[in-house]
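Chemist: Sequence and computational prediction follow.
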Amino acid sequence: MALRLENSWRRLNDPHSRSISMGKRWNWVLVGFLVTGGSAAFAAEMPGREFVVDGYHPQAADANEGTVAEPWKTIGGNISRLKPGDTVLVREGTYREQVILHPEGWSWAGGGIDVGPVASGEPGRRISFFAWPGEDVVIKGSDVVDGWAHFRDHVWVKSGWGHNSQQVFVDGKILQQISGEMVDYLVEADRWQGRMGVGLQDMAPGSFYYDSDEQNLYVWLEDGGDPNRHLVEASVRPFLFRVGISYTNLSGIRMMHSNTSAYINWAAVALDGSHNVMENVEVTWTDYIAVSLGGSFNTVVNCTFNHNGNSGMAGRGHGHRVIDSTTSFNNYRNWKGDWHAGGMKIIPHAHDWVVSGHSAAYNKNSPGIWFDGWMSNVTIRNSLAHDNGQSGIFFEIGERGVIKNNVTYRNGHRGIYVADSSDTLVAHNLALENGMSGIAVVGTGRRGGEFGRAEDEVLWVRNNIVWGNMLVDNAYPPLLPEGWGDRPELIMPDERETNYNNSSDYNISYRTDGRSVSIWEGWGAGRYTFDYWREKTGNDKNSVIAEPLFVDRERLDFRPAQGSPAIGLVRPQMSVAFDFDERRRDRKQYYTAGPFEVER
């Protein structure tokens, strides 16, 4: 049976197809995508063996056969025994370990890891790791710290602590790190801006400090109490779950508390290899990056990567899908947002990616969704990016991007920012109350090496289209950065030898406070009123300045109300035939501007 790829994603997220019991195989997620001719065929899973992990069972041991009566004790202790088609079912509990799946074995002295080779799954015979239905399975990179001795005042010490812990939690609440040492790459060039204090003398209530010379870990609890009376957990393991093989499934497991930045600038969880699926997984409160995607054709569905030290996701490679997932409240350790931080920072060479139904919000001093560096054929669609410290959606140094049907609001910088890129469509998005411009498409003369033109390596900025968008109350005064002045709603590339054939039309713009709606070329190379812009460039001949009339703006219902001038404004484009809610736009009529189609 062949289905469209989008329908297969929807099926994976359909709660009716996720009802499972122990008497059934997990055919709803064990899917082999056989992509031919633009369609996907479902391959039936060939069942293998089922193994049970139950770390709390009195008979649990990794030497067991992995049955309900005699389960394995750890998740990663027997992975070399797995064969294509096998399933590992993990019972409720906290598992303090790191799971490494590698086809050739993996040895890394930095974190004391030495694992043997693991067989890959195969099409129709995936290797799967599932949380037992209805049970809470947690993998933690932290260890419990006890045996505290009183040091002085409200400060307590754990002597002989041989781990450069980047995180300490007391009853699940994170303490503020004082000073801190980590891998040099992460602190050079002032990349880490979140350092507080320089030593033991700077401790305060709710903080911790690690003295690497003396190997002493110090804590000062929020209430000044005795840590021996609380659950104290300190991060020790650099990784949580790294998949280097292909055709695996990982579902229903929570992970947290890595110690990656003490060793290296990688993610705590990784999907490398190819054709791997991660569904209903939470990776939160890691010290650096939660999850990275590498290899090819890996899929993340309905996952949550929040409250991480630097970013929720990183990545590279091609053919990946990130569907109906969330990356919010990241960069709590405050790395430079224009270096690497935020909801997701995907760099370099990302090709043929789809980010759909994503939510990226409240990422500190950083963008929500950020693709950067020599990428092509990237689609960002039907997603929410709001209340991020920098731009909501940032597409930098790429070609053939499609940014459509997204809602961006109250971000500190631009709603949507396309920099030094070509052949990119920005269509039917809403940009509202962002601190800078609603949409900015710029060519800065940046050099791209062999990816730039032959004469001078300057990157081309050509054939970009801004079409059918809503731009409302941007350069929002409460968020406008100091010294940035009255930014326009729209910025388009200034004309130069490497910038050409960029166009905008069928957009609706408005400012409720009476400020003028202007358009810039480049960074103010030309500053035009709306009418003069149309006359000079020929762009936006069919665009309007008018109040869009939302159903309920205060309640964030951004659907156009009946009578909105956005309705029927936009000449159709095939690439936006469906709206934010996956409804088919009427092919016989002009479309509604913005992400939401209105029935007429």
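Modeler: Thanks, I have the structure now.

Chemist: check contacts around residue 488.
Modeler: Contacts for residue 488 (Cβ atoms under 8 Å, 6 or more residues apart in numbering) come out as 437, 475, 517-520, 527. The C-beta positions use only the backbone N, C-alpha and C, and glycine is treated the same way.

Chemist: at 10 Å instead, please
Modeler: Each residue near residue 488 by Cβ atoms under 10 Å, 6 or more residues apart in numbering is listed here: 436-440, 471, 474-475, 509, 516-521, 524, 527-528, 530, 533.

Chemist: Ok, residue 145 next?
Modeler: So residue 145 contacts 158, 161, 163, 165, 168-170, 217, 219, 227-228, 231-234, 236 (Cβ under 10 Å, 6+ apart).

Chemist: do the same with residue 575
Modeler: 379, 381, 402, 404, 425, 427-428, 465, 467.

Chemist: most surrounded residue in those?
Modeler: residue 428 (32 neighbours; other Cβ atoms under 10 Å).

Chemist: tell me the pLDDT at it?
Modeler: What the model reports as pLDDT for residue 428 is 98.

Chemist: Look up how far residue 354 lies from it.
Modeler: Noted for residue 428: a distance of 17 Å to residue 354, by Cβ to Cβ, to the nearest Å.

Chemist: Please enumerate the helices of the protein.
Modeler: 5-13, 184-187, 530-537 (DSSP state H).

Chemist: Would you single out the least confident of those helices?
Modeler: helix 5-13 has the lowest average pLDDT among the helices of the chain, namely a mean of 33.

Chemist: beta partners of the residue nearest to residue 150 when sequence neighbours are not counted?
Modeler: Spatial nearest neighbour of residue 150, excluding adjacent residues (Cβ to Cβ, 6 or more residues apart in numbering): residue 156 at 5.8 Å. With DSSP bridges as the criterion, residue 156 is bridged to residue 150, residue 219.

Chemist: Residue 156: how many residues sit nearby?
Modeler: 22.

Chemist: quick one: contacts for it?
Modeler: By Cβ under 10 Å, 6+ apart, the contact set of residue 156 is 148-150, 208, 217-221, 224-228, 232.

Chemist: List buried residues within those.
Modeler: For the contacts of residue 156, a burial check counting by 16 or more other Cβ atoms under 10 Å picks out 148, 208, 217-221, 227, 232.

Chemist: In TSV, list the residues you listed along with pLDDT and distance to residue 505.
Modeler: Compiled in TSV, these are given as follows (pLDDT from 0 to 100; distance: Cβ to Cβ, whole Å):
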residue	pLDDT	distance to residue 505
148	98	66
208	98	56
217	98	61
218	98	61
219	98	60
220	98	60
221	98	60
227	98	63
232	98	60
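
Chemist: Go through those and name the one nearest residue 261.
Modeler: Set against residue 261, the nearest of the buried ones among the contacts of residue 156 by Cβ to Cβ is residue 208 (15.1 Å).

Chemist: Quickly note the distance from that closest one to residue 60.
Modeler: Per Cβ to Cβ, residue 208 is found 33 Å from residue 60.

Chemist: quick one: pLDDT of the residue positioned nearest the centre of the chain?
Modeler: Centroid check for the chain by Cα atoms, centre = their mean gives residue 344 as the closest residue, at 3.4 Å. Looking at residue 344, its pLDDT reads 98.

Chemist: what's near enough to touch it?
Modeler: Shown in contact with residue 344 (Cβ under 10 Å, 6+ apart): 289-293, 305, 311-315, 322, 325, 327, 330, 355, 358, 360, 363, 367-371.

Chemist: Any idea what the spatially closest residue to residue 313 that is not a sequence neighbour is bridged to?
Modeler: Excluding the flanking residues, the one nearest residue 313 by Cβ to Cβ, 6+ apart is residue 344, at 3.8 Å. Beta-bridge pairing for residue 344 (DSSP bridges): residue 313, residue 369.
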